[in-house]
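J.: Just a sequence and a predicted model for now, questions to come.
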There are 2 protein chains.
Amino acid sequence: MRDLSQDHRWLSINTATVRQWPLDRIIEECGRRQIRAISPWRDQVAAVGSASVARLLRDTGIVLSGYCRGGMFPASTALGRQQAIDDNRRAIDEARELNAPCLVLVVGGLPAGSASKDIGAAREQVRDGIAQILDYARSVHMPLAIEPLHPMYAADRACVNTLEQALDLCDELDPEKTGALGVAVDVYHVWWDPKLKTQIDRAGRTRLLAFHVCDWLVPTRDLLNDRGMMGDGVIDIPTIRTWVEAAGYEGFNEVEIFSSENWGRRDGGDVLDICIERHASAV
Amino acid sequence: MRDLSQDHRWLSINTATVRQWPLDRIIEECGRRQIRAISPWRDQVAAVGSASVARLLRDTGIVLSGYCRGGMFPASTALGRQQAIDDNRRAIDEARELNAPCLVLVVGGLPAGSASKDIGAAREQVRDGIAQILDYARSVHMPLAIEPLHPMYAADRACVNTLEQALDLCDELDPEKTGALGVAVDVYHVWWDPKLKTQIDRAGRTRLLAFHVCDWLVPTRDLLNDRGMMGDGVIDIPTIRTWVEAAGYEGFNEVEIFSSENWGRRDGGDVLDICIERHASAV
């Protein structure tokens, strides 16, 4: 197990954690703190301009731990599904331009605006959607990381809800384990899973493309925007990190905290400083 | 598949759905509507008195579809765990007194008031707790129904979070499938599970002791108290009921809606009338 107590070389900041700032400011502030990696969102990149972002990254030496995000495949019409495919191809291109190690896929839930309650059908659309972008992603060497989301998001964000289910998808679409398809493991989404260790072992180095950390608060006051800072909740993060590293993961620990009412209202610099502290003490 | 459109003979009301009323009033109002079954909570029974409740049930001919609830096994001290065992024995006795077909177990999460983040240890305490009450429950012919709760309750209510996990526990503690141990399947907790049909098939008639219905709203505004009326959300309840009945379940469809801000504020009679309508059209 890596020792995180001496420095924060393995810390990455998902830029949704500090949406107080535009992306150029985030990169600058991370650089000032010797944070070596970030994972930016497409809208944040678009707001600053991808060429500017690429230049800022070069200037600061900051790399990406992932790019957020592709996915959202299910739609109630064939046109809608094709638009999702087209949009995912653009996301792959953007991820390439910024030298991301993977594009994170939040796969989507039940088709928006439809009356469909058929989660099985939505899951088939997800499988078909990933299958349709996988060859292109492989051809430009951009790995796709399926992120299983907590079951409380099954209806409206992602109908891939366990690591086992995500790995079943990987095995179906990439049986040779080429490295083109894997998973993003976010402790917030999977910490409760009685099969977590087994499935992390199954994933192994080839499938483990990203590792995200934050904490589960008790009580949780909002389904989407009440994530906690590492150490403030009930997730045994070090144990899960042990499992991930034992399975071969050697990448960054990416802090991703959606917390509009708490961390989102604090000074961004304080948030980053606390991320650095907690990465050393609670990850 | 049973036809629910002609009458509501298979409808049961979990009495948490109409907490506007004390239990005696609930029984009276259910009787007036030819509702044949209820599932009451211990505090509601205690408030009216169990002898009075038993008499009201006899007078109206209403039976129980379950008794709520036992469980809550994990505790940070041996004394706390013993108190939970003792309390579960009392719950078994109460369930017997009211001729319940099963005692529902909400097993508990991480030990309250402790700093423990060890969900594996909590799960062991749950297993040990059920093991300690099972012989007594069997001796008085009171089946125990483990209710897997949605993963969003893993920390504070129940660390048994999938039907597969609940059935693994059943197989470990009651390998002969004596009928003494089974599961309560609540669509709210399990609808998202990609393995749901497989595990319902696995459970079969012997393990399927209760079937609970309500709906998952999008958006869900509160983790505990924002359940929907059947038909108002995204759960394909009829499909899940088909699976449960195909596996051999022949009991009641128990409506359990925690909704303090919506249904909990309406007239109790209206709530019951709508439960009857939706049982015919959306279950």
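T.: Yes, it's here.
J.: any idea which element whatever residue of the stretch 1-150 of chain A ends up closest to chain B lies in?
T.: Taking CB to the nearest CB, chain B has its nearest neighbour within the stretch 1-150 of chain A at A:Lys117, 4.1 Å off. (Glycine included, C-beta is placed from N, CA and C.) Assigned by DSSP states H and E, A:Lys117 belongs to no helix or strand.
J.: ok, which residues in the stretch 101-250 of chain A are in contact with chain B?
T.: By CB under 8 Å from any CB of the partner chain, the residues of the stretch 101-250 of chain A that approach chain B are A:110, A:117-119, A:123, A:150-152, A:154-156, A:159, A:161-162, A:165, A:191-194, A:216, A:218-220, A:223, A:234-236.
J.: just the buried members of those?
T.: The neighbour count (16 or more other CB atoms under 10 Å in any protein chain shown) marks A:110, A:117-119, A:123, A:150-152, A:154-156, A:159, A:161-162, A:165, A:191-194, A:216, A:220, A:223, A:234-235 as buried among these.
J.: and stretch A:272-283, which residues are buried?
T.: Within stretch A:272-283, the residues that count as buried by 16+ other CB under 10 Å are A:272, A:274-276, A:278-280, A:282-283.
J.: before we move on, what about stretch A:235-254?
T.: Using 16+ other CB under 10 Å as the burial criterion, the residues of stretch A:235-254 that qualify are A:235, A:237, A:239-241, A:243-245, A:247, A:249, A:251-254.
J.: do stretch A:136-149 as well
T.: Buried residues in stretch A:136-149 (16+ other CB under 10 Å): A:137-138, A:142-149.
J.: Looking at those, which are in strands?
T.: In strands, defined here by DSSP state E, the members of those are A:144-146.
J.: and the gap between A:Arg138 and A:Asp174?
T.: Counting by CB to CB, to the nearest Å, the separation of A:Arg138 from A:Asp174 is 9 Å.
J.: Now for those two: what residues contact both?
T.: Overlap of the contact sets of A:Arg138 and A:Asp174 (by CB atoms under 8 Å, 6 or more residues apart in numbering or on different chains) consists of A:Ala180.
J.: which stretches of the stretch 1-150 of chain A form strands?
T.: Taking DSSP state E, counting those that start in this stretch to define them, one finds strands in the stretch 1-150 of chain A at A:11-14, A:37-39, A:63-64, A:67-71, A:103-106, A:144-146.
J.: Ok, the stretch 151-283 of chain A next?
T.: A:181-186, A:208-213, A:253-255.
J.: tell me the contacts of the residue nearest the centre of chain A?
T.: Centroid-nearest residue in chain A: A:Val104, 5.2 Å away (criterion: CA atoms, centre = their mean). Contacts for A:Val104 (CB under 8 Å, 6+ apart) come out as A:39, A:66-71, A:145, A:147, A:184, A:210.
J.: do that again at 6 Å, thanks
T.: Residues in contact with A:Val104 (CB atoms under 6 Å, 6 or more residues apart in numbering or on different chains) are A:66, A:68-69, A:145, A:147, A:184.
J.: for A:Ser259, same thing?
T.: A:Arg227.
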